[in-house]
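*Asks:* Here you go, sequence then predicted model.
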Amino acid sequence: MVTIPIFIVLLGILVTVSNLTGVPWKREPTGQSISTLSPNTGVTFDNPQGLPLAHRKSFKVSSRTVTLDVKRPSTGAVQHINVLIRAPKDPAGVNAKHPGIVFMHGAGYGTAENSFGDVAADLSSAGFVTAVPDKPVWSTNDITRDYAGSAKAYDQVVRCLRTQHDVDPGKIGLYATSESTWISPYVIKYDKHIAFQLLLSPMVYGPRQSLGFFVGQDFSLVGANDGYQSIVRRLFHADADMFGLHNFDFPMDLPEAYAVPTMVVYGSKDVLTAQVEGLEHILYSAHRAGNQNVTVRSYSVANHVLRLGDEEDSGTPFVDDYISDVISWAVGTAAGLKQTSELVAGATIRQSIAVPVELQADRNLTVYGAIVNLGMVVLLVAALLMALLGCAIKVLRMIRHDHSKVFGFMRGFGSELLAVTVTTLATFVLFVAGLVQVIMAVVRLCWGGAPTENPGMMYWSWPVIQVVSTLVVWAWARILARCIEVARLRGLAQFPPRKGAISDVVSGREPVFASKRFGCVFFWLVAAAMFSVLLFFAFWGLFIF
């Protein structure tokens, strides 16, 4: 009779926390698509004057390396970067000026030597002077990247390329992929003389919306239980500025972003990019800037970087005629010719869910989440240290043949605390294991792998955790009911309390949980730690049934 109302109250508190920290997420419309005008991805131009147009392997290629010191504007830090320049070899006595292309890195830590080697060499063999720099990172990492500073660094590479003797300074473009498409709009903003840009799998929306889209989409694609989406929702509503991470809301909607001739390329197996809404935004922005020259190509079975197969495997080739199409577009565009092929061609462009444009930083949710998550870690560590201390004391006493109790638990509280602790920690381990499996599956999917047919733990772990967590709440209700019973027997559960009852309990003359003070402190510390785990589960949405 006492346990049931306590259980209802405890469960109600946890359910309320889960619902109050819940975040709405608009996934509609789903299954969006854009039909292309032709399945043929080839790019052709009208050439009434019969200008000689280079193609792949029209030139032999030479290479040279220059070194630049690029400064990070926000801190003044300087990074020494190598720039690998590949150039077409002109016939003897011919000192032609060629168009140029600067390559911009995606995520990670690419260098001049290990990045873009095949496509840069092919473009150089078609008459372009290509520049592949070391990625400017300074002291940043993947989550603290300085995008505005990187744009200044890449623009310095552009300006360096303009000074080369074999480069036409008015015909330099950008080749940007993935993460660097957050940077390329700023290069165009800073440098009004960029002639064109090639964008592979462009991340059109800001980091918060783009990352929220691909994580939310990929959690579904790998077969994870819908409950794990609650983690995504809360995570991408975090106020990252509190932790010194200022990239989450990096502004992207620049009027100059698509003001130059642009080629946009997608792969149908790309699970990172919002292609339909992204393309709509690109076309709208380009037309608003007065640019009608936007060519779109979509390739079947190509991944995020337009490769075939799993990107974890080295040497994976580009898809179909991608290189030929890029070269044809770049050559014709640099020559100022009018395109005669369809502007939007290739495979149908698809998108599974809507971009979560409503994602915004929530300071209150972030503060509460930080308290709950950090508090749980602190309490678990403190409980573990105290448990280890108790074990050490027990071992020392055994060595001395002292059989006195360390904790001295009474009335079954020790066994009940142990049962609740083991169950709670086992549930926590299951939660972490399920989440890790989801993340690993998403990573494999992003690298070009296929989702597994049987999601296994990714699906069943969530409802199991919910059931076990509910049983843990019931166990806590029983413990609290026992506490009330003992308090009644000790004269504490009355008003006013029995004379001397409080002092008897506090002094240890009438112990409740344990005959040893160490045991009493340990009981309350472990109890607080285990309940903090339940609050942790509630924050991440496990008590939304």
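*Replies:* Done, it's in.

*Asks:* List phi and psi for residue 80.
*Replies:* Phi and psi for residue 80, reported as degrees, to the nearest 10, are phi -90, psi 120.

*Asks:* Excluding sequence neighbours, find me the nearest residue to it.
*Replies:* Among residues not flanking residue 80 along the chain, residue 69 sits closest, at 5.8 Å (CB to CB, 6 or more residues apart in numbering). Placement of C-beta: from N, CA and C, glycine included.

*Asks:* For residue 210, give its distance to residue 201.
*Replies:* 11 Å (CB to CB, to the nearest Å).

*Asks:* who touches both of those two?
*Replies:* residue 273 (CB atoms under 8 Å, 6 or more residues apart in numbering).

*Asks:* Helix or strand with the lowest mean pLDDT in this protein?
*Replies:* helix 501-507 (a mean of 57; mean pLDDT, DSSP states H and E).

*Asks:* can you tell me the helix or strand for the residue nearest to residue 80?
*Replies:* Using DSSP states H and E, residue 69 sits in strand 61-71.

*Asks:* cool, residue 159 as well?
*Replies:* Judged by DSSP H and E, residue 159 forms part of helix 147-162.

*Asks:* From the contact counts, what lies against that helix?
*Replies:* strand 61-71, strand 78-88, strand 98-104, strand 129-133, strand 167-177, helix 184-190 (3 or more CB pairs under 8 Å, 6 or more residues apart in numbering; DSSP states H and E).

*Asks:* Report the angle between the first one and helix 147-162.
*Replies:* On the basis of axes from the mean of the first three to the mean of the last three CA atoms, to 10 degrees, strand 61-71 is oriented at 140 degrees to helix 147-162.

*Asks:* Okay, angle between strand 61-71 and strand 78-88 too, please.
*Replies:* 160 degrees.

*Asks:* could you pull out the helices for the stretch 301-450 of the chain?
*Replies:* For the stretch 301-450 of the chain, the helices defined by DSSP state H, counting those that start in this stretch cover 322-334, 363-399, 413-446.

*Asks:* Now the next helix or strand after the least confident helix or strand of the chain: buried residues?
*Replies:* Remark: after helix 501-507, the chain's next helix or strand is helix 517-539, criterion DSSP H and E. Buried residues in helix 517-539, counted by 16 or more other CB atoms under 10 Å: 518-520, 522-523, 525-527, 529-539.

*Asks:* Quick check: mean pLDDT of helix 517-539?
*Replies:* Helix 517-539 comes out with an average pLDDT of 91.

*Asks:* Remind me what that helix packs against, helices and strands.
*Replies:* Other elements packing on helix 517-539 under the criterion 3+ CB pairs under 8 Å, 6+ apart are helix 3-20, helix 363-399, helix 413-446, helix 457-489.

*Asks:* So which of the ones you listed is nearest residue 116?
*Replies:* Closest approach to residue 116 among these (CB to CB): helix 413-446, 19.5 Å.

*Asks:* Next, the angle helix 457-489 makes with the closest one.
*Replies:* Using the same axes, to 10 degrees, helix 413-446 lies at 160 degrees relative to helix 457-489.

*Asks:* In helix 413-446, which residues are buried?
*Replies:* For helix 413-446, burial by neighbour count (16+ other CB under 10 Å) applies to 413-414, 416-417, 420-421, 423-424, 427-428, 430-431, 434-435, 437-439, 441-442, 444-446.

*Asks:* could you measure the residue nearest the centre of the chain against residue 217, distance?
*Replies:* Taking CA atoms, centre = their mean, the centroid of the chain lies closest to residue 211, which sits 5.2 Å from it. For residue 211, the distance to residue 217 (CB to CB) stands at 11 Å.

*Asks:* follow-up on the earlier one: neighbours of the residue nearest to residue 80, just the number please.
*Replies:* 9 (other CB atoms under 10 Å).

*Asks:* got the contact list for it?
*Replies:* 78-81.

*Asks:* do you know how far it is from residue 138?
*Replies:* Counting by CB to CB - residue 69 and residue 138 are separated by 12 Å.

*Asks:* shared neighbours, these two?
*Replies:* residue 79.

*Asks:* Could I get the buried residue list for stretch 51-69?
*Replies:* 53-54, 56, 59, 61, 66, 68.
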